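Have a look at this prediction, sequence included:
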Amino acid sequence: MTKLSVNVNKLATLRNARGHNNPDVIAWAKAIIQYGADGITVHPRPDERHIRKTDVYALKNEVKTELNIEGYPTTDFCKMVLDVKPYQVTLVPDSPEQLTSNHGWDTLKNLAYLKTIVAPFKNAGIQVSLFLDPNPQLVESAQQTGADCIELYTEAYANTYPKNQNAAVEMYKKTAALAKKLGLKINAGHDLDLNNLGFLVSEIPYIDEVSIGHALVCDALILGMETTVKNYLKLVKGK
């Protein structure tokens, strides 16, 4: 059964716009878990334009379910993750100035580098996921890094879905099938929403986790957070 991890970056963006603690990101993360979400995702960036390091440390103390920290593995990022020891770290190949993630790792080109990055996290008992484009050619080298999971970057799926659902999911199914065969868990995230999420998890029912933030928070502005979280849970869990 697919798990739902809610990315709370957008709540932090709203808080930071006024410089106070409203909305309270930690309190909202705890509420989201109470509404049924399986975990919380954060993606701290070097400029702390949304999630801050202090948020990450506070979430570890307050969120008793799965905490997933995403980010590019700078020295500071790696130290923070090893200090916090979340359930999962998701490594993304982002540059500091990027507005949002827009591509996955080239695991063939970066195999040796990723091996050195993955090992300390694994030794600390942290599950490691690599952000990956839907390309079966990258899966074997992803597995060779020592990572536990891949997270399928789903922007291409979301963009193609309104025009051709089967074409949208085709490469994702092939990539996920090979990952499963090699013993990797499969996560997914980016631009997933109430319109396209159900089809993805029905076509790839062994997706372990989806991470959703922007669309979920936008829906919550209209529907309320509790109703929104439960609507997403219906799609991934059928309840």
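Great, that's in hand.

Surely Ala188 forms part of a strand?
Yes. Per DSSP: H, G, I helix; E, B strand; the rest coil, Ala188 lies within a strand segment.

now it, nearest residue through space, not along the chain?
Of all residues not flanking Ala188 in the chain, Leu152 sits nearest, at 4.4 Å (Cβ to Cβ, 6 or more residues apart in numbering). Using the backbone N, CA and C atoms, a C-beta is placed for each residue, glycine as well.

residue contacts, Lys173?
By Cβ atoms under 8 Å, 6 or more residues apart in numbering, the contact set of Lys173 is 203-204.

Looking at the host helix or strand of it now, give me its mean pLDDT.
Assigned by DSSP states H and E, Lys173 belongs to helix 165-181. On average, the pLDDT along helix 165-181 is 98.

again, but for stretch 11-26
For stretch 11-26, mean pLDDT rounds to 95.

The residue nearest to Ala188 pairs with what?
Note on Leu152: beta-bridge partners Leu132, Ala188, judged by DSSP bridges.

now do Val89
Assessed by DSSP bridges, Val89 has beta-bridge partners Ile69, Val128.

Now for it: which residues touch it?
Applying Cβ under 8 Å, 6+ apart, we find Val89 in contact with 68-71, 81, 121, 126-129.

show me the contacts for the residue lying closest to Leu182 once chain neighbours are set aside.
Closest residue to Leu182 apart from its sequence neighbours, by Cβ to Cβ, 6+ apart: Gln143 at 4.6 Å. Neighbouring residues of Gln143 by Cβ under 8 Å, 6+ apart: 179, 182-184.

What helices and strands are in contact with the worst-scoring helix or strand of the chain on mean pLDDT?
Lowest on mean pLDDT, DSSP states H and E among the helices and strands of the chain sits helix 53-62, with a mean of 94. Taking 3 or more Cβ pairs under 8 Å, 6 or more residues apart in numbering; DSSP states H and E as contact, the helices and strands that helix 53-62 lies on are helix 25-34, strand 39-42, strand 66-71, helix 75-84.

Between the ones you listed, which one is closest to Lys60.
Closest of those to Lys60 is helix 75-84, at 4.6 Å (criterion: Cβ to Cβ).

what's the angle between the closest one and helix 53-62?
20 degrees (axes from the mean of the first three to the mean of the last three Cα atoms, to 10 degrees).
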